[in-house]
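K.L.:
below is the structure, and that's it, no one-letter string:
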């Protein structure tokens, strides 16, 4: 039976890093996938060369649509809030998503969930993964919107923290790896393995996931050096498939169990 999944993110490119394989898999299996971002990402880091080409937000929305096409998404929406920037480098935008009324934003998202008759909503964990203010707000707004709309399944897109730490310890010292890949930066980020409910196998969709990442070219580098997307896209394809071939979620209201669930639509009638 086909279902509808709405995947809610803070900025263009977030969908590629955390949920791209799951979205591509759902679309390939015949489900309707709707991608929603709160902001156009106008405060994102980018090189001076990219910034000289015109408004970053406009470019990032175009990149979002290319990513969505690669993943098979049926609809793309931007709520139009301002990118808040990082906690230690706020954008100062008057309409910054992190400073908006969460109830008002939740009502807007809930209306979209009702329009789509969404069965599944993906958001982030309460800490927003690694603490970005807009990611924290995605959790708050998404949780409330699902309550208002009566969406059956709410999944926090995350990463297995223990596995992430192992990978970072193995690679952070390699030449060309950004300094912010240091394990200490992510010591409390994302989800402890005992909280996880889902581990979705997306190895068969690694090509679509890689294409989604590549679509966000403006976020691959900055004047200060390479960024996460650039590092991941440099991986040989077989290694990319191994490292990026699983995606993790925590489902609201479901007790963690073993083995972890591989199907984001599990339990729906």
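P.N.:
Yep, that arrived. A quick note: this is a predicted structure, and the numbers were derived from the prediction, not measured. Numbers count the residues shown, from 1 in each chain.
K.L.:
right, and residue 254 touches residue 196 too?
P.N.:
No. Proximity of residue 254 to residue 196 does not meet the contact threshold set by Cβ atoms under 8 Å, at 10.5 Å. In this view, the C-beta of every residue, glycine as well, is placed from N, C-alpha and C.
K.L.:
in terms of neighbours, single out the busier of those two.
P.N.:
residue 196 (24 against 16; other Cβ atoms under 10 Å).
K.L.:
how about that one: what's its closest non-neighbour residue?
P.N.:
residue 248 (5.4 Å; Cβ to Cβ, 6 or more residues apart in numbering).
K.L.:
what secondary structure does the one you found sit in?
P.N.:
Here residue 248 is strand, with the state taken from DSSP: H, G, I helix; E, B strand; the rest coil.
K.L.:
tell me who's in contact with it.
P.N.:
Residues in contact with residue 248 (Cβ atoms under 8 Å, 6 or more residues apart in numbering) are 157, 158, 159, 160, 191, 196, 198, 199, 200, 260.
K.L.:
most neighbours among these, please name it.
P.N.:
That'd be residue 157 among the contacts of residue 248, by other Cβ under 10 Å, with 28 neighbours.
K.L.:
and the contacts of the strand or helix carrying that one?
P.N.:
Using DSSP states H and E, residue 157 maps to strand 153-158. Outside of strand 153-158, the residues within contact range by Cβ under 8 Å, 6+ apart are 7, 18-19, 22, 119-125, 129, 139, 142-143, 146, 190-191, 196, 198, 247-253, 264-265, 267-268.
K.L.:
change it to 6 Å
P.N.:
Contacts to strand 153-158, defined as Cβ atoms under 6 Å, 6 or more residues apart in numbering, come from residues 18-19, 120-125, 146, 190-191, 248-252.
K.L.:
quick check, residue 208 in a helix?
P.N.:
Yes. Membership of residue 208 in a helix is supported by three-state DSSP.
K.L.:
and the closest residue to residue 190 other than its chain neighbours, how far is that from residue 98?
P.N.:
Residue nearest to residue 190 in three dimensions, not counting chain neighbours: residue 159, with 4.1 Å by Cβ to Cβ, 6+ apart. Computed as Cβ to Cβ, to the nearest Å, the residue 159 to residue 98 distance reads 21 Å.
K.L.:
for residue 200, same thing?
P.N.:
28 Å.
K.L.:
separation between the residue lying closest to residue 146 once chain neighbours are set aside and residue 195?
P.N.:
Nearest residue to residue 146, sequence neighbours excluded (Cβ to Cβ, 6+ apart): residue 154, at 4.7 Å. Plainly put, residue 154 is 14 Å away from residue 195 if you go by Cβ to Cβ.
K.L.:
re the thing from before, so which of the contacts of strand 153-158 belong to strands?
P.N.:
120, 121, 122, 123, 124, 248, 249, 250, 251 (DSSP state E).
K.L.:
just flag the most distant two among these.
P.N.:
The most widely separated members of the ones in strands among the contacts of strand 153-158, counting by Cβ to Cβ, are 121 and 248 (16.2 Å).
K.L.:
ok, now which ones touch residue 193?
P.N.:
Residue 193 neighbours (Cβ under 6 Å, 6+ apart): 160, 162.
K.L.:
let's have the chain start at 30 instead
P.N.:
Okay, residue one is now 30; in that scheme the one you just asked about reads as residue 222.
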